[in-house]
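Visitor: What follows is a protein structure lacking sequence information:
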Ligand SMILES: Nc1ncnc2c1ncn2[C@@H]1O[C@H](COP(=O)(O)OP(=O)(O)O)[C@@H](O)[C@H]1O
Ligand SMILES: [Mg+2]
């Protein structure tokens, strides 16, 4: 059953329309990420769900109740901000208790709930501290506790990890996800970091210029990007331009080299150019065996990333990056060396929409 | 090298002299009431004068009322302008500056015309009504200082995000104002309040023309008729003012945390 139902949502600031006919159905308990570059409208949509911006058109329904024109205080939607936004004049405990106080809960209930929240965020001993006495990661956990203490129907997080350093970012995203699963709280998470979106979400909404380009599971948007934008933004896909030789049989040419796609190229004629995508980890060195395609080129750059080594190979006018595991026993080609690349036909993806 | 050190020292010394010499002179003079020896006679007379006590108390009460009314007017206004109407900020700033441009005497004659016994709102008919009018007048006088310090305080916190965080937790506007905004700009309000206090305690024009028994007119009266007592009064007023400032420093530093920026 759909829990959050967003239909034809539009937002204009003066003459500029920054969100175009956005639609999304979120299931109860689902974790959905909005992923897209800065300025693509993620925050604006989130703020419309929270009630901080009014929609120019369209509707938002939460659990069967239309909330489009309801003020934020009446929506029962929890929000976590990039800038933490803890109340500086209150201790951690008072911050977490704020929503409960506003709802006029009894003091015993509040005390119990605050303690429960502090245990949940694994910071049981900081109740009496003030926000400025906490690290960024601690502040954001308290902000999370404050938002979920009132048991909101929906939890919204706007780039909550962007201000934190890398280590904490990774550990906190795992914590947020497991907390969300335990509580079963329907969550929308905004980020411009594809790794964050892919690792945390049930589904990802890839956004560009105020539109949802693709909505799907992390697996789907990563492996089967539907547009060139999704292919280039999600992951480090190789985006190549190919010429159709024979649409019927899926024969293409990449930099003059003929390859065979696993599927027919729908709706294209011979001579058309199409965009194809190839994941770096799907490409290996060596001659093609059965069911595989082959490309030839020269190694242009080798970058050591730790567990993997990313190697950029120049074909003719285009380049292909591939990831090889870092095994000390295996010699990898050096820059300037001519190489042959191969990949499975299934991995060559023809991207719709040019 | 040496010249560059001497310059600032000369400036500081001149400034200190400019400030201290009259103060010391006044103090010395205030002690000379008894012929041939220093004494606190002038202070004893002043502090024992029932008119001093009454007028000082009157002005203190009025100053506190002015601070309360002014704060309740200025904080929500400055908050709303910052949050929702940033384009109006120049206009509001201009309006709050008007009391510095328009002489007090003009304002008070305006009041007398608008609120005299023949008007729709005859505030000057009763002394309570006139007290009220005087309070509002003082709020006007304090506006430039109160607004500026409150506005600076609001700029130092993230008004918008804090408001939204509180809103999404279900808080009403009054809760947001009194539980979130006020406490976080407390020191800014206090410094505005201090200035307001100093203005109201010494104010003469309004109180005199509205014929209220305030401290300003009392100072003027004593100053015109006595020799040593005005000097003692000046020193007392000075001490009270500095005591206020010290108290506010103590309050500002001791109560609750301040966010390090
Ligand atoms: N209050 C506003 N007034 C005018 N333009 C705005 C306002 N808020 C956002 N925008 C514009 O809307 C676009 C989308 O912004 P935003 O939703 O914040 O993007 P994102 O969160 O994806 O980075 C941007 O071009 C931004 O400049
Ligand atoms: Mg944003």
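Guide: That came through, no problem. Being a predicted model, the structure only gives us computed values, none of them experimental. Ligands and ions are numbered 1, 2, ... in the order given.
Visitor: Hmm, residue A:252 and residue A:274 touching each other?
Guide: Yes - if you go by Cβ atoms under 8 Å, residue A:274 and residue A:252 touch, sitting 7.1 Å apart. The C-beta positions use only the backbone N, C-alpha and C, and glycine is treated the same way.
Visitor: neighbour-wise, which of the two wins?
Guide: Neighbour count, other Cβ atoms under 10 Å in any protein chain shown: between residue A:274 and residue A:252, residue A:252 has more, with 26 against 19.
Visitor: show me where pLDDT drops low in chain A?
Guide: Residue ranges of chain A with pLDDT under 70: A:263-264, A:353-354.
Visitor: For it, what lies in contact range of chain B?
Guide: Proximity of chain A to chain B, by Cβ under 8 Å from any Cβ of the partner chain, involves residues A:50-52, A:71-79, A:81, A:83, A:85-89, A:98-99, A:102-103, A:130-133, A:143, A:146-147, A:150.
Visitor: What's the end-to-end length of stretch A:64-72?
Guide: 17 Å (Cα to Cα, to the nearest Å).
Visitor: Contacts for it next, please.
Guide: Residues outside stretch A:64-72 that contact it (Cβ atoms under 8 Å, 6 or more residues apart in numbering or on different chains): A:50-52, A:54-55, A:58-61, A:74-75, B:164, B:167-168.
Visitor: hmm, 6 Å instead?
Guide: Stretch A:64-72 is contacted by residues A:50-52, A:55, A:59-60, A:75, B:167-168 when judged by Cβ atoms under 6 Å, 6 or more residues apart in numbering or on different chains.
Visitor: Now, the residues you listed that are in helices?
Guide: Using DSSP state H to define helices, the subset of those located there is A:50, B:167-168.
Visitor: Of these - the most surrounded one?
Guide: Compared across these, residue B:168 has the highest neighbour count, 27 neighbours, by other Cβ under 10 Å.
Visitor: Can you tell me the closest non-neighbouring residue to it?
Guide: The shortest distance from residue B:168 to any non-neighbouring residue, by Cβ to Cβ, 6 or more residues apart in numbering or on different chains, is to residue A:79 (4.3 Å).
Visitor: Is the one you found bridged to anything, and to what?
Guide: Note on residue A:79: beta-bridge partners by DSSP bridges are residue A:156.
Visitor: Compute the number of surrounding residues for the closest residue to residue A:304 other than its chain neighbours.
Guide: With sequence-adjacent residues excluded and distances taken as Cβ to Cβ, 6+ apart, residue A:304 is closest to residue A:326, at 7.3 Å. If you count neighbours by other Cβ under 10 Å, residue A:326 ends up with 13.
Visitor: I'd say residue A:326 and residue A:309 touch.
Guide: Yes - if you go by Cβ atoms under 6 Å, residue A:326 and residue A:309 touch, sitting 5.3 Å apart.
Visitor: before we move on, back to that, where strands are concerned, which of the residues of chain A next to chain B count?
Guide: With DSSP state E as the criterion, strands contain A:77-79 from among these.
Visitor: just curious, which of the contacts of stretch A:64-72 is nearest to ligand 1?
Guide: Lowest distance from ligand 1 to those (Cβ to the nearest ligand atom) belongs to residue A:52, with 9.9 Å.
Visitor: How about that closest one, nearest residue that isn't a chain neighbour?
Guide: Computed as Cβ to Cβ, 6+ apart, the closest residue to residue A:52 that is not its neighbour in sequence is residue B:164, at 5.5 Å.
Visitor: Got the confidence number for the one you found?
Guide: Per-residue confidence (pLDDT) for residue B:164: 95.
Visitor: Residue B:252 now?
Guide: What the model reports as pLDDT for residue B:252 is 62.
Visitor: can you pull out the helices in chain B?
Guide: Along chain B, counting by DSSP H, helices occupy B:2-30, B:41-48, B:50-83, B:89-101, B:104-114, B:127-155, B:159-168, B:173-175, B:182-184, B:186-202, B:205-209, B:215-225, B:229-254.
Visitor: relative orientation of the fifth one and helix B:89-101 in degrees?
Guide: Right, the one you point to is helix B:104-114. For helix B:104-114 against helix B:89-101, the angle by axes from the mean of the first three to the mean of the last three Cα atoms, to 10 degrees is 100 degrees.
Visitor: Run through the neighbouring helices and strands of helix B:104-114.
Guide: Packing partners of helix B:104-114 (3 or more Cβ pairs under 6 Å, 6 or more residues apart in numbering or on different chains; DSSP states H and E): helix B:205-209.
Visitor: Quick check: residue A:12 touching residue A:55?
Guide: No - applying Cβ under 6 Å, one finds residue A:12 not in contact with residue A:55, separated by 9.9 Å.
Visitor: Which one's more surrounded, the two?
Guide: Taking other Cβ under 10 Å, residue A:12 and residue A:55 do not tie; residue A:55 has more neighbours (22 against 14).
Visitor: nearest residue to the more buried one other than its sequence neighbours?
Guide: Nearest residue to residue A:55, sequence neighbours excluded (Cβ to Cβ, 6+ apart): residue A:48, at 5.1 Å.
Visitor: Can the host helix or strand of the one you found be said to contact ligand 1?
Guide: Take DSSP states H and E as the rule and residue A:48 turns out to sit in helix A:42-50. Yes - using Cβ under 6 Å from any ligand atom, helix A:42-50 reaches ligand 1 at A:42-44.
Visitor: May I see these arranged in JSON lines, with neighbour count and distance to residue B:91 as well?
Guide: Shown next, in JSON lines, are these (neighbours: other Cβ atoms under 10 Å in any protein chain shown; distance: Cβ to Cβ, whole Å):
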{"residue": "A:42", "neighbour count": "25", "distance to residue B:91": "34"}
{"residue": "A:43", "neighbour count": "19", "distance to residue B:91": "30"}
{"residue": "A:44", "neighbour count": "19", "distance to residue B:91": "29"}
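Visitor: Looking at those, which is nearest residue A:238?
Guide: residue A:42 (26.2 Å; Cβ to Cβ).
Visitor: So which residue is dead centre in chain B?
Guide: Residue closest to the mean C-alpha point of chain B, counted by Cα atoms, centre = their mean, is residue B:196 at 1.6 Å.
Visitor: Can you give me the distance of that one to ligand 1?
Guide: Distance of residue B:196 to ligand 1, given as Cβ to the nearest ligand atom, to the nearest Å: 35 Å.
Visitor: cool, and residue A:210?
Guide: According to Cβ to the nearest ligand atom, residue A:210 and ligand 1 sit 7 Å apart.
Visitor: same question, residue A:137
Guide: 22 Å.
Visitor: List the buried residues in whichever helix or strand that residue is part of.
Guide: Applying DSSP H and E as the criterion places residue A:137 in helix A:136-149. Neighbour-count burial for helix A:136-149, counted by 16 or more other Cβ atoms under 10 Å in any protein chain shown, picks out A:137-149.
Visitor: before we move on, the earlier item: correct me if wrong: the residue nearest to residue B:168 contacts residue A:51.
Guide: No - Residue A:79 is beyond contact range of residue A:51, at 9.6 Å (criterion: Cβ under 6 Å).
Visitor: what helix or strand is residue A:295 on?
Guide: Assessed by DSSP H and E, residue A:295 sits inside strand A:292-304.
Visitor: And the contacts of stretch A:64-72, which two are furthest apart?
Guide: For the contacts of stretch A:64-72, the maximum inter-member distance is 20.9 Å, found between A:59 and B:167 (Cβ to Cβ).
Visitor: any low-confidence regions in the stretch 151-261 of chain B?
Guide: Low-confidence segments of the stretch 151-261 of chain B (pLDDT under 70): B:248, B:251-261.
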